[in-house]
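Asker: predicted model and sequence follow; I will ask about them next.
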Amino acid sequence: MKRYAYYPGCSLEKMAQEYDVSFRNLCDRLDIGLEEMHEWFCCGAGMVGNISPLLGLAVPLKNLALAHQRGLAQLVSPCAACYNQFKRAQHEVAADAKLRADLEQIIEYPLEHSVEVLHPLEMLERELDGRPNLAHEGVSHLRVACYYGCLLTRPPKVVTFDNCEDPQSMDRLLRRVGIETLDWSHKTACCGAFYAMVNPAKVLELARAILEGAAQSGANAFAVACPVCHLNLDARQPEVNQTYGTNFNLPVFYFSQLMAFTQGVPAEGLGLWRHVVDPQPLLLGAPVGASPR
Amino acid sequence: METPVTAAWKESPALAHLKVVSPEACFQCNRCTAGCPLLTAMDLTPARMVHHLLLGEWEPVLRSKAIWVCVHCETCTARCPQEVDISKLLQAARVIAWRSGTVAPDQAIATYFASFLENLYLYGRSAELPLTLICKLKSENYFQDFTLGLRLIARGRLNFFSLPRGGSVYRRLYDRVRQKEAAGA
């Protein structure tokens, strides 16, 4: 069994435990080995680089060095922000020998062997390639809008993930497990991210546009791959309704929750109770084997 | 145009490592501006900021609120037909504004960044309780998102009682970077 270094990141350790737990359970089901590097620390989250660019690069690179020290050649990073930080740091040092030498000194580790950084969507696509019949018929009532957000897909030259204006990898994975996904308008629109700390009203406006886009395409749920997208679409959904007089009731799943469900992980292993918009009636209320719409 | 701030930019060792992509290729198509999700909260549009920088006018950019509004969603950078890394230019502007003390008044996000770093120095990982407390104390804005907080606590999403352990690897890095920057690397 292949083993990947696993970097959950601060959000998955705390606020987004349901992403962490469902992803681990999914990998367990699929016999994919994750090895958490317990000594990991924050990736910088894009905040550190705004005060010290050098520290902003040193922090993700040191974490990758910790994975390399364990003899692991690939690292899986489920949080889109962490993923972006890793890819960005690797991109910068690849283009600048002096910068690389300075960073090697700072992190006290050579950078010649780079660890391959993968988002779970990339890793799963590779791992599931060639595996037959993963489809589950109890999810045929779902019509899911896959929301990729910003940091997973942009800038395309740095993250080299999928297509930055119309990504498909989450759609492909969910379709493979029997879930219908939709073409819709706001796949890679920005949710406002941490701007909510300063101006929640502006973020409600952006969240509303995304919710509206999904609703108009006929979606009855979202799938996301980033804890901040989840927070702004799920936890702020009641505020959107209150502010704009709308009545959205769109559960926001992590793609890992949906995939784990279809692969037989019991509902307790998905962390569904932690959502603000209760996803249980939609996901668990359906009779198994319900006929497709 | 050489201003004290421009000079600071050139001399600042902190910025030696921020390989700034030159704004010179910009031909003002305004695609960056058209795609910016936070445009309406900005006092300068991304295209205007790029044009100021192209003319060597750092002051209006450094003193703008707009540089603190950007959340680095990278839409502008991804779509620029001339491959100007607008998002990175704004990052550079933030660093200079931060270090030269030209942060526009009432920029709560600057407070948030500072809180974030202080929290990391203590714990190495992001921890809600210290981060929330440091940020609220610094901004004196105690009730924003109060109901959201309650909603999250009810679902076990905000755990105030477990703190991450061990910021020592981070602190060592932090100190080494400070030394390097002080040495003018």
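Answerer: Nice, I can see it.
Asker: okay, CA-based contacts and neighbour counts for the rest of this
Answerer: Fine.
Asker: in chain B, which spans are helices?
Answerer: Listed from the start of the chain, chain B has helices (DSSP state H) covering B:4-11, B:13-16, B:31-35, B:46-54, B:59-62, B:66-69, B:75-79, B:86-100, B:108-123, B:128-139, B:146-154, B:168-182.
Asker: ok, now how distant is the residue nearest to A:Gln90 when sequence neighbours are not counted from chain B?
Answerer: Once flanking residues are discounted, A:Gln90 sits nearest to A:Leu61: 7.5 Å by CA to CA, 6 or more residues apart in numbering or on different chains. Plainly put, A:Leu61 is 11 Å away from chain B if you go by CA to the nearest CA, to the nearest Å.
Asker: tell me which element A:Leu61 falls in.
Answerer: Per DSSP states H and E: A:Leu61 is located in helix A:53-69.
Asker: now A:Gln105
Answerer: Here A:Gln105 sits within helix A:97-107, counting by DSSP H and E.
Asker: contacts for whichever helix or strand comes after that helix?
Answerer: Counting by DSSP H and E, the element after helix A:97-107 in chain order, helix or strand, is strand A:116-118. Strand A:116-118 is touched from outside by A:Ala73, A:Gln74, A:Leu75, A:Val76, A:Ser77, A:Tyr83, A:Phe86, A:Lys87, with contacts defined as CA atoms under 8 Å, 6 or more residues apart in numbering or on different chains.
Asker: and if we set it to 10 Å?
Answerer: Residues outside strand A:116-118 that contact it (CA atoms under 10 Å, 6 or more residues apart in numbering or on different chains): A:4-6, A:64, A:68, A:72-78, A:83-84, A:86-87, A:90, A:123-124, A:159, A:161.
Asker: averaged pLDDT, stretch A:69-81. What do you get?
Answerer: Across stretch A:69-81, pLDDT averages out at 96.
Asker: before we move on, what about stretch A:41-56?
Answerer: Stretch A:41-56 shows a mean pLDDT of 89.
Asker: what does stretch A:177-187 give?
Answerer: 97.
Asker: same question, stretch A:251-270
Answerer: Mean pLDDT, computed over stretch A:251-270, is 96.
Asker: do stretch B:102-118 as well
Answerer: Averaging pLDDT along stretch B:102-118 gives 82.
Asker: return the distance of it from the chain's centre.
Answerer: Distance of stretch B:102-118 from its chain centroid, counting by CA atoms, centre = their mean, to the nearest Å, is 8 Å.
Asker: stretch A:244-258 too?
Answerer: With CA atoms, centre = their mean as the basis, stretch A:244-258 stands 15 Å off its chain's centre.
Asker: quick one: the nearest residue in space to A:Ala235 that is not next to it in sequence from A:Phe23, how far?
Answerer: Once flanking residues are discounted, A:Ala235 sits nearest to A:Val276: 5.3 Å by CA to CA, 6+ apart. To A:Phe23, A:Val276 is 20 Å away according to CA to CA, to the nearest Å.
Asker: ok, those two, which is more surrounded?
Answerer: Under the criterion of other CA atoms under 10 Å in any protein chain shown, the comparison of A:Val276 against A:Phe23 puts A:Phe23 first, with 25 against 22.
Asker: any idea which element the more buried one lies in?
Answerer: helix A:17-29.
Asker: in helices only, show me the contacts of strand A:116-118.
Answerer: Filtering the contacts of strand A:116-118 for helices - DSSP H - leaves A:Leu64, A:His68, A:Tyr83, A:Asn84, A:Phe86, A:Lys87, A:Gln90, A:Met123, A:Leu124, A:Val159.
Asker: farthest pair within these?
Answerer: A:Gln90 and A:Leu124 (21.9 Å; CA to CA).
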